[in-house]
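Asks: Quick one: sequence plus predicted model below, questions after.
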Amino acid sequence: MRAVRNAPFAVIECAGDLDHLVVAAWNDEAERIFGYTGADAVGRRLTDTILSEADGDAFRRVRGDESAPLRCIHTRKDGRTVVCEWRYAPVIDDGGTRTRLLCFGQDVTAQVEAVERLRESDVILRAILGAVETSVTRMDREGFCTFHEGKMLASLGLRPGQFIGLNVFDPPPVPMDMEPMQRAVRGELVRSHVEAFGKAWETWVIPLRDERGEPDGAVSFTLDGTEAKLREDELKSRIEIIELQQKVIRDLSTPIIEVWDGVLTLPMVGVVDSKRAADVMDDLLAAIVDKRARFAILDLTGVEVVDTKTASYLIELVRAIRLLGAEGVITGIRPNVAQTMVSLGLDLSGIATVGNLRAGLKLCMQRAAAGSAASAGAP
């Protein structure tokens, strides 16, 4: 009896007929599973403790086959439910009469809940596979396909389960890149984009690991990313158009004009901030090199305001022009702009400045002519 009391499963000895089973003995595991002590249970009917009327009917049906297992949902003393699987053995006296019934119960609550979670996961997976244009493939650690389902397969001319049994390391039955799956089976997370059959496909291949952390195959799922790809291409196209428009606007706001052979002019209008001044420097220096200009006129007649940083930019621009072998001339400086430059203490003594664009062009022509004459008179 001690072995029965310490058994790793519930043992309940019942007396009476099958219609009114009364607890005669109750071991420690039964106490743990159901929350009733032996004193709570002994002498009471099973239907007054752990059995509902429906389960009581099931117990009564065992009279035909005590060897058949029976699974019941029980209510513990604290109100929680447990699931047990039962087997039975009758106790027969010397006269062949059944005097007692031994009930052996195993708590299978965890197993039942695990099965229910798996069933729920399967329901969710099937719902997704049936509604979303996708395909899911499972490979074991050797690379063999064990699952191959998805609504997308039909559009590819494939049948559900068609790849089961195939190995990702063998030549595929249809043209496809197996490298992502091979890498994932080896333990690498892979995301790939492929265009085939007139569509864009996006695939994630996720490595799986067992309870020891060792590689245990991989699962891949593929989505039809055609619409997303079209939207992405459209967005890129719009961005390119916007960037082109911005370039046109910049070119119009800082037009570089070759007004004479070797003479460039840059008429600036409005407010010149640091960003615009930096764009001007890049564009003008590139134009000087491209056109091999000898002079560059910065016409500030239309500039109303410059900030302190911009004024420094303009002086640096003239110095940069000199480094390219050309000469910079500033024309049309307004009084407030001149005051800004003076307040900054900028040295303009080495920079040619004149009142307007006409005077600036004349100055450039004179210096160009003087330079030509000097070159002609040189021995």
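Replies: Structure's in. What do you need?

Asks: now the helices: where do they sit in the stretch 51-200 of the chain?
Replies: Counting by DSSP state H, counting those that start in this stretch, the stretch 51-200 of the chain has helices at residues 53-60, 109-131, 152-155, 179-185.

Asks: can you check the stretch 251-379 of the chain too?
Replies: Under DSSP H, counting those that start in this stretch, the stretch 251-379 of the chain gives helices at 274-291, 308-323, 335-343, 357-377.

Asks: returning to what we had before: just so I know, which of the helices of the stretch 51-200 of the chain lies nearest Arg238?
Replies: Nearest to Arg238, of all those, is helix 152-155, at 29.4 Å by Cβ to Cβ. C-beta here means a position set from N, CA and C on the backbone, and glycine is covered the same way.

Asks: Just the CA atoms of the closest one, as CSV, please.
Replies: Extracted in CSV, the C-alpha atoms of helix 152-155 (Å, rounded to 0.1, in the frame of the first residue of the first chain):
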residue,chain,number,x,y,z
MET,A,152,0.9,31.7,-53.8
LEU,A,153,1.9,28.2,-55.0
ALA,A,154,-1.0,28.1,-57.5
SER,A,155,0.1,31.3,-59.2
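
Asks: got the buried residues for that helix?
Replies: 152-153 (16 or more other Cβ atoms under 10 Å).

Asks: and it, what other elements does it pack with?
Replies: Packing partners of helix 152-155 (3 or more Cβ pairs under 8 Å, 6 or more residues apart in numbering; DSSP states H and E): strand 134-139, strand 215-224.

Asks: Return the list of strands paired to the shortest one, each annotated with direction.
Replies: Sheet pairing here is set by DSSP bridges, and for strand 134-139 it gives strand 145-149 (antiparallel), strand 215-224 (antiparallel).

Asks: By mean pLDDT, show me the worst of those.
Replies: Looking at the strands paired with strand 134-139, the lowest mean pLDDT belongs to strand 215-224 (a mean of 85).

Asks: ok, and what's touching that one?
Replies: Applying Cβ atoms under 8 Å, 6 or more residues apart in numbering, the contact partners of strand 215-224 are 132-143, 146-147, 150, 152, 155, 180-181, 184-187, 199-210.

Asks: got a list of what the closest residue to Gly371 other than its chain neighbours touches?
Replies: Nearest non-adjacent residue to Gly371, counting by Cβ to Cβ, 6 or more residues apart in numbering: Arg294, 7.8 Å away. Counting by Cβ under 8 Å, 6+ apart, Arg294 makes contact with 262-263, 325-327, 364, 368, 371.

Asks: Could you list the low-confidence segments of the stretch 151-300 of the chain?
Replies: Within the stretch 151-300 of the chain, the stretches with pLDDT under 70 are 172-176, 196-197, 245-254, 271-273.

Asks: Break down it into its strands, ranges please.
Replies: 190-196, 199-209, 215-224, 257-260, 263-272, 295-306 (DSSP state E, counting those that start in this stretch).

Asks: mind checking which of those is nearest Gly332?
Replies: That would be, of these and by Cβ to Cβ, strand 295-306, which comes in at 3.1 Å.

Asks: hmm, who's touching that closest one?
Replies: Outside strand 295-306, the residues that touch it by Cβ under 8 Å, 6+ apart are 259, 262-272, 277, 284, 288, 314, 317-318, 321, 326-334, 336-337, 340, 356-357, 360-361, 364, 367-368.

Asks: 7 Å instead, please
Replies: With contacts defined as Cβ atoms under 7 Å, 6 or more residues apart in numbering, strand 295-306 is touched by 262-272, 284, 288, 314, 321, 326-334, 337, 340, 356-357, 360-361, 364.

Asks: Which members of those residues are classed as buried?
Replies: Applying 16+ other Cβ under 10 Å to these flags 262-268, 272, 284, 288, 314, 321, 326-333, 337, 340, 357, 360-361, 364 as buried.

Asks: thinking again about what came up before, now the contacts of Arg294 in a markdown table, please, with extra columns for distance to Pro255.
Replies: Shown next, in a markdown table, are the contacts of Arg294 (distance: Cβ to Cβ, whole Å):
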| residue | distance to Pro255 |
| --- | --- |
| Gly262 | 18 |
| Val263 | 15 |
| Gly325 | 23 |
| Ala326 | 18 |
| Glu327 | 20 |
| Cys364 | 18 |
| Ala368 | 22 |
| Gly371 | 26 |
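
Asks: Among those residues, find me the one that's closest to Lys236.
Replies: Ala326 (38.3 Å).

Asks: in terms of contact, does the closest one touch Arg292 like I think?
Replies: No: using Cβ atoms under 7 Å, Ala326 is not in contact with Arg292, being 8.8 Å away.

Asks: Can you tell me who Ile257 pairs with across the strands?
Replies: Bridge pairing for Ile257 (DSSP bridges) gives the partners Thr265.
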